[in-house]
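Novice: give the three-dimensional model of this entry:
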Amino acid sequence: MKSMPASDKYTYLRKQFQAFYYEGFEVVQNENELKIKFEFYLDNAYAFHPEMTVKINNQFKATKLSKAQLDELVFHIGMVELISYWKAACPEKVVIKPFHLNEEQIQFWKKIYFHGLGEFFYTNNIQTDIDQFMDIEPVSKYHPEKQIYHTTNHYIIPVGGGKDSVVTLELLNAFVNQKKDIIPFIMNPREASLDTAKIAGFEQDEVFVIERSIDPALLKLNEEGFLNGHTPFSALLAFTSLLVSAVTSHRYIALSNESSANESSVAGTQINHQYSKSLEFENDFRRYVKTYISEDFEYFSFLRPLTEFQIARLFSEFNQYFDVFKSCNVGSKEDKWCGKCPKCLFTYMILSPFVPSERLQNIIGHDLLNDPDHIQNYMELTGQTDQKPFECVGTVNEVNIALTLTAKQMNESDEMPLLLQKFKQTPMYEKYKESVEPDWVLSEGLHENNLPEVLLDRLRHYLVKVYC
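Specialist: Numbers count the residues shown, from 1 in each chain. Purely as a prediction, here's the structure:
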């Protein structure tokens with residue numbers, strides 16, 4: 001099967017496996033942790049039991065939650081978790097056993113799965129549509145009622161260790177009266193995320209941690225040649241953050257997804273590597289939560305009003321994080337910059353107007369703008385191909401603006417890096433070279449968002465203070 005084209009493999013596996021089952025979940029709490037285990041089956045052939053472990057510290061208040069409340073939240077985490085296992089064979093039928101889902105809920109989940117797997121379908125050359133790729137069949141008649149969680153007006157901030165969560169931490173720290181009103185939340189901590197929280201003023205016992213593990217049975221199927229690819233991790237983070245909000249009684253969940261995440265990865269399509277970071281997902285998620293789970297959660301992206309370019313400008317003010325932040329997915333397991341992937345190059349490009357070249361080289365390892373191995377990545381990031389890299393990167397427009405500013409800042413005596421030489425020969429450089437100035441960050445204004453009005457007002461005043 002390994003040598004079979006992925007599109008043929010999709011057809012073959014759907015004939016071999018008739019259904020995927022969300023059988024149930026188990027929640028066990030002891031004095032140190034809350035252990036969650038899910039139970040999935042691919043027909044009767046394969047069983048999967050992925051786990052999550054919630055570390056208990058002094059912020060943990062789950063003892064105040066009823067079994068019904070916990071079950072409601074954990075069930076929904078499982079609804080996202082299952083897609084990573086379903087995609088191995090993509091059976092037509094998905095059977096949901098724990099709770100009932102009505103037709104509106106079914107359509108919500110099909111939309112998340114279909115668009116969240118857009119990259120997976122595209123890279124595997126799978127031709128399908130939202131109506132045909134899956135049928136969701138709930139078999140339980142029990143439909144839980146909305147719950148009341150008695151949350152307070154405090155904040156959860158998911159921290160990944162990149163520049164975006166740094167900006168959210170720093171600005172919310174400045175906007176909120178007391179540090180105790182904020183809890184950084186880290187899933188599968190690494191050095192960059194823990195160091196980011198520490199520099200922001202949070203010790204390890206003040207950080208809320210969840211460990212998530214993938215069932216080795218799935219990894220074995222990947223090795224055997226079953227289907228594999230990108231899944232909507234940020235959707236999993238969204239539903240997991242509801243659990244964190246509930247067990248800490250913190251109402252506001254402040255993500256760090258920017259307006260740039262709305263741009264598709266493949267020109268002329270809805271295929272978006274960052275779909276579950278998009279405003280469309282955020283709006284759908286907010287409606288679903290308030291309709292079916294609880295009105296006691298407020299999920300929004302604090303950086304949604306801003307672009308990646310604006311965020312890079314803000315991040316450049318916080319140089320205390322330069323040596324610890326990491327925005328490279330390839331090197332994440334070793335907590336390093338790989339220096340070879342599109343995400344490394346994008347980060348280098350978007351920061352280049354604001355951080356000196358020598359400092360950037362010290363951060364990422366070498367001058368990525370002078371690296372011939374990055375020519376293809378450069379072409380994709382600047383829109384000279386139909387497809388952007390399948391990474392969390394900014395828009396083509398703001399990459400071109402960043403490079404224009406960087407090129408304009410160089411003295412005539414400076415040796416122009418290879419990629420900047422190439423860029424100066426493009427129509428995009430000609431388009432922007434006379435008009436673009438660093439204050440472009442303000443002219444963009446604030447994009448559509450779900451921020452509470454008080455935060456939006458403070459952000460607006462902060463931008464004026466910084467740039468004027």
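Novice: figure out how far the helix or strand containing residue 457 is from the centre of its chain.
Specialist: If you go by DSSP states H and E, residue 457 is part of helix 453-467. Centroid displacement of helix 453-467 relative to its chain, using CA atoms, centre = their mean, to the nearest Å, is 24 Å.
Novice: could you do stretch 90-104 as well?
Specialist: With CA atoms, centre = their mean, you get 25 Å for stretch 90-104.
Novice: measure that stretch end to end?
Specialist: With CA to CA, to the nearest Å as the measure, stretch 90-104 spans 22 Å from end to end.
Novice: which other residues reach it?
Specialist: Stretch 90-104 is contacted by residues 10, 13-14, 17-25, 42-43, 71, 75, 78-79, 82, 86, 109, 126, 133-144, 227, 291 when judged by CB atoms under 8 Å, 6 or more residues apart in numbering. Glycine gets a C-beta too; all of them are placed from N, C-alpha and C.
Novice: filter these down to the ones in strands?
Specialist: Among those, the ones falling in strands (DSSP state E) are 19-25, 42, 135-138.
Novice: care to break the protein down by domain?
Specialist: For the chain, automatic domain parsing gives the domain ranges 6-143+151-301, 326-436.
Novice: reformat these as JSON lines; add mean pLDDT.
Specialist: Below are the domains of the chain laid out as JSON lines (pLDDT from 0 to 100):
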{"stretch": "domain 6-143+151-301", "mean pLDDT": "95"}
{"stretch": "domain 326-436", "mean pLDDT": "92"}
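Novice: tell me which of these lies nearest to residue 458.
Specialist: Set against residue 458 and scored by CB to CB, those come closest in domain 6-143+151-301, at 4.7 Å.
Novice: give the contact list for residue 366.
Specialist: With CB under 8 Å, 6+ apart, residue 366 has these contacts: residue 339.
Novice: my guess is it is in a helix, correct?
Specialist: No: the assignment for residue 366, made by DSSP: H, G, I helix; E, B strand; the rest coil, is coil rather than a helix.
Novice: if any of the contacts of stretch 90-104 are buried, give me the PyMOL selection for them.
Specialist: Buried residues within the contacts of stretch 90-104, by 16 or more other CB atoms under 10 Å, are selected in PyMOL with:
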select buried, resi 10+13+14+17+19+20+21+22+23+25+42+71+75+78+79+82+86+109+126+133+134+136+138+227
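Novice: so which bits of the helix holding residue 457 are buried?
Specialist: 455-456, 458-459, 463.
Novice: could I get the full set of helices for the stretch 1-150 of the chain?
Specialist: For the stretch 1-150 of the chain, applying DSSP state H, counting those that start in this stretch gives helices covering 6-16, 67-86, 103-116, 118-123.
Novice: dump those helices to TSV, plus distance to residue 262.
Specialist: Formatted as TSV, the helices of the stretch 1-150 of the chain follow (distance: least, CB to CB, whole Å):
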stretch	distance to residue 262
helix 6-16	28
helix 67-86	20
helix 103-116	12
helix 118-123	14
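Novice: center of this structure, which residue is that?
Specialist: Nearest to the geometric centre of the chain sits residue 234, at 4.0 Å (CA atoms, centre = their mean).
Novice: picking up where we left off before, for residue 254, state which of the ones in strands among the contacts of stretch 90-104 is nearest.
Specialist: Nearest to residue 254, judged by CB to CB, of these is residue 25 at 27.3 Å.
Novice: any idea how far the closest one lies from residue 194?
Specialist: Here the criterion is CB to CB, to the nearest Å. By it, residue 25 lies 28 Å from residue 194.
Novice: which is the succeeding secondary structure element to the helix or strand containing residue 164?
Specialist: Using DSSP H and E, residue 164 maps to helix 163-175. Sequence order places strand 182-187 as the next helix or strand after helix 163-175, per DSSP H and E.
Novice: helix or strand next in line after that following strand, which one?
Specialist: Moving toward the C-terminus from strand 182-187, the next helix or strand (DSSP H and E) is helix 191-199.
Novice: any buried residues in that next one, and which?
Specialist: Judged by neighbour count (16+ other CB under 10 Å), helix 191-199 contains these buried residues: 192-197, 199.
Novice: quick one: these as CSV, columns for distance to residue 159 too.
Specialist: Listed next are the buried residues of helix 191-199 as CSV, based on distance: CB to CB, whole Å:
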residue, distance to residue 159
192, 9
193, 5
194, 9
195, 10
196, 6
197, 6
199, 11
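Novice: any idea which of those residues is closest to residue 156?
Specialist: Distances from residue 156 to those, taken by CB to CB, are shortest for residue 197, at 12.5 Å.
Novice: how about the contacts made by the closest one?
Specialist: Counted by CB under 8 Å, 6+ apart, residue 197 has contacts 159, 169, 184, 186, 204, 206-207.
Novice: with residue 127 instead?
Specialist: 7, 121.
Novice: just give me the neighbour total for the nearest residue to residue 65 once chain neighbours are set aside.
Specialist: Distance criterion CB to CB, 6 or more residues apart in numbering; nearest residue to residue 65, sequence neighbours excluded, is residue 246 at 6.2 Å. Residue 246 has 25 neighbouring residues, counting by other CB atoms under 10 Å.
Novice: residue 275 too?
Specialist: Quick note: residue 275 (other CB under 10 Å) scores 26 neighbours.
Novice: kindly report the same for residue 228.
Specialist: So residue 228, with other CB under 10 Å, has 18 neighbours.
Novice: hang on, isn't it packed against residue 84?
Specialist: No: using CB atoms under 8 Å as the test, residue 228 is too far from residue 84 to be in contact (9.6 Å).
Novice: re the thing from before, ChimeraX command to pick out the buried ones of the contacts of residue 197?
Specialist: Here is the ChimeraX selection string for the buried members of the contacts of residue 197, based on 16+ other CB under 10 Å:
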select :159,169,184,186,206,207
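Novice: circling back: just the buried positions in the helix holding residue 164, please.
Specialist: Judged by neighbour count using 16+ other CB under 10 Å, the buried positions of helix 163-175 are 163-173, 175.
Novice: same list (those residues) but as TSV, adding distance to residue 252.
Specialist: Listed next are these as TSV, based on distance: CB to CB, whole Å:
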residue	distance to residue 252
163	21
164	17
165	15
166	19
167	17
168	12
169	14
170	17
171	14
172	9
173	14
175	11
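Novice: of those, which is the nearest to residue 376?
Specialist: Distances from residue 376 to the buried residues of helix 163-175, taken by CB to CB, are shortest for residue 163, at 23.8 Å.
Novice: where do the helices sit along the stretch 301-450 of the chain?
Specialist: Secondary structure of the stretch 301-450 of the chain (DSSP H, counting those that start in this stretch): helices located at 308-315, 342-351, 357-364, 375-381, 396-409, 418-424, 427-432, 440-443.
Novice: identify the residues contacting the fourth one?
Specialist: Translated: helix 375-381. Contacts of helix 375-381 (CB under 8 Å, 6+ apart): 341-342, 345-346, 349, 385, 387-389, 393, 396, 399, 418-419, 422-423.
Novice: widest-spaced pair of those?
Specialist: Largest separation among these by CB to CB: 387 and 418, giving 22.1 Å.
Novice: give me the distance from the helix holding residue 164 to the chain's centre.
Specialist: Distance, centroid of helix 163-175 to centroid of chain: 17 Å (CA atoms, centre = their mean).
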